[in-house]
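Enquirer: Okay, structure incoming, though there's no sequence with it:
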C-alpha cells in the first residue's frame with residue numbers, strides 16, 4: 001500500500017521518480033536493464049550499490065487512463081559483478097597473450113639472426 005519512494009526512500013534523487021512520472025504521463029511502459037541504484041537492505045543500514053532489471057507497466061482504468069503503475073523487477077548485481085570480473089579476466093588474458101606473442105616474435109627474430117650468422121660462417125668455411 002505504499003508508493004515506491006515511501007517503501008524505499010533512498011531511491012529519491014536516483015531518477016526513479018522521473019521514470020515513474022514519465023510512465024504515468026505517457027502511458028508507455030518502461031523497461032530498465034542494469035539500472036544502478038543505491039539501496040538500503042535493512043532499516044538504518046548502509047546504502048549498497050545494486051543493479052536492477054525491471055519493468056514499469058502502466059495500469060489503465062475503464063476509460064483507458066493511467067491509474068497506476070505495476071512494477072516488477074529483480075536484482076542482477078551478482079550477474080553484473082560476474083560479467084565485470086569476466087571482462088577483467090579477458091583483458092588480462094589478452095594482455096598476456098600479446099606479451100607472449102611479443103616474446104615469441106623476439107625469440108624468432110633472435111633465432112633467425114643466429115641462423116643467418118651460422119649460414120654466413122658455414123659459407124665462409126666452405127670457401128676457405
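Expert: Perfect, thanks for sending it. Here the structure is a predicted model, which is why all the values come from computation and not from measurement.
Enquirer: Can you name the next helix or strand after the helix or strand that contains residue 69?
Expert: Element membership for residue 69 (DSSP states H and E) is strand 66-75. Beyond strand 66-75 in the direction of the C-terminus, DSSP H and E gives the next helix or strand as helix 77-127.
Enquirer: packing partners for that next one?
Expert: Other helices and strands packing on helix 77-127, by 3 or more Cβ pairs under 8 Å, 6 or more residues apart in numbering; DSSP states H and E, are strand 47-60. Any C-beta I mention is one placed from the backbone N, CA and C, and that applies to glycine too.
Enquirer: State the mean pLDDT of the strand it packs on.
Expert: When pLDDT is averaged along strand 47-60, the result is 96.
Enquirer: Of all the residues in that strand, which ones are buried?
Expert: For strand 47-60, the buried set under the neighbour-count rule, 16 or more other Cβ atoms under 10 Å, comprises 50-54, 56, 58.
Enquirer: Next: stretch 60-70.
Expert: With burial defined by 16+ other Cβ under 10 Å, the residues of stretch 60-70 counted as buried are residue 69.
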